[in-house]
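sequence unknown, structure follows:
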């Protein structure tokens with residue numbers, strides 16, 4: 001199993017153990033960033049993680065109307081976190097990989113994709 005450290009800018013969000021790969025990588029994250037009790041300095045990021053977890057639950061439940069509302073919230077409140085190259089992984093060899101904004105799930109699940117545009121730069 002591959003292991004990574006997840007960062008947003010210079011903030012270490014947590015350690016990931018990759019458990020599955022399909023079109024997206026999937027793993028389990030052990031948070032170092034306490035998004036439930038984070039002080040106001042990182043409130044926006046903490047709110048995004050909570051939002052992402054709730055949105056992933058609604059997607060799994062198939063509630064399309066609620067999912068549409070979550071997408072609208074994401075596009076108005078969290079676009080700065082979604083459309084950025086500030087997310088990255090550090091692998092076991094210390095190599096940095098730029099990723100697209102990850103999706104956080106309940107029970108400490110996380111999915112992510114390598115940012116192919118960043119690889120081409």
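Received the coordinates, thanks. As the structure is a prediction and not an experimental result, all values here were calculated from the model.

From here on, just use CA atoms for contacts and neighbour counts.
OK.

Check what pLDDT residue 5 gets.
In the prediction, the pLDDT value recorded for residue 5 is 98.

A strand includes it, no?
Yes. Secondary structure assignment (DSSP: H, G, I helix; E, B strand; the rest coil) places residue 5 inside a strand.

On the three-state scheme, the nearest residue to it once chain neighbours are set aside is what?
By the measure of C-alpha to C-alpha, 6 or more residues apart in numbering, the closest residue to residue 5 outside its immediate chain neighbours is residue 15, 4.5 Å from it. In terms of secondary structure, residue 15 is strand; the call rests on three-state DSSP.

And for residue 15, the neighbour number?
As a burial measure, the neighbour count of residue 15 was computed by other C-alpha atoms under 10 Å and equals 19.

From residue 32, how far out is it?
Residue 15 sits 7 Å away from residue 32, taking C-alpha to C-alpha, to the nearest Å as the criterion.

Residue 69 too?
Taken as C-alpha to C-alpha, the span from residue 69 to residue 32 is 29 Å.

Next: residue 20.
As it turns out, when the distance is counted by C-alpha to C-alpha, residue 20 lies 22 Å from residue 32.

where do the strands sit along the protein?
3-8, 11-21, 25-31, 87-91, 96-98, 103-104, 109-112 (DSSP state E).

Can you tell me what sits against the helix or strand of the chain with the lowest mean pLDDT?
Between all helices and strands in the chain, the lowest mean by mean pLDDT, DSSP states H and E belongs to helix 116-120, at a mean of 78. Counting contacts by C-alpha atoms under 8 Å, 6 or more residues apart in numbering, the residues outside helix 116-120 that touch it are 85, 98.

Try it again at 10 Å.
Helix 116-120 is touched from outside by 85, 97-100, with contacts defined as C-alpha atoms under 10 Å, 6 or more residues apart in numbering.

circling back: my read is that the residue nearest to residue 5 contacts residue 109, right?
No. Counting by C-alpha atoms under 10 Å, no contact exists between residue 15 and residue 109, whose distance comes to 11.5 Å.
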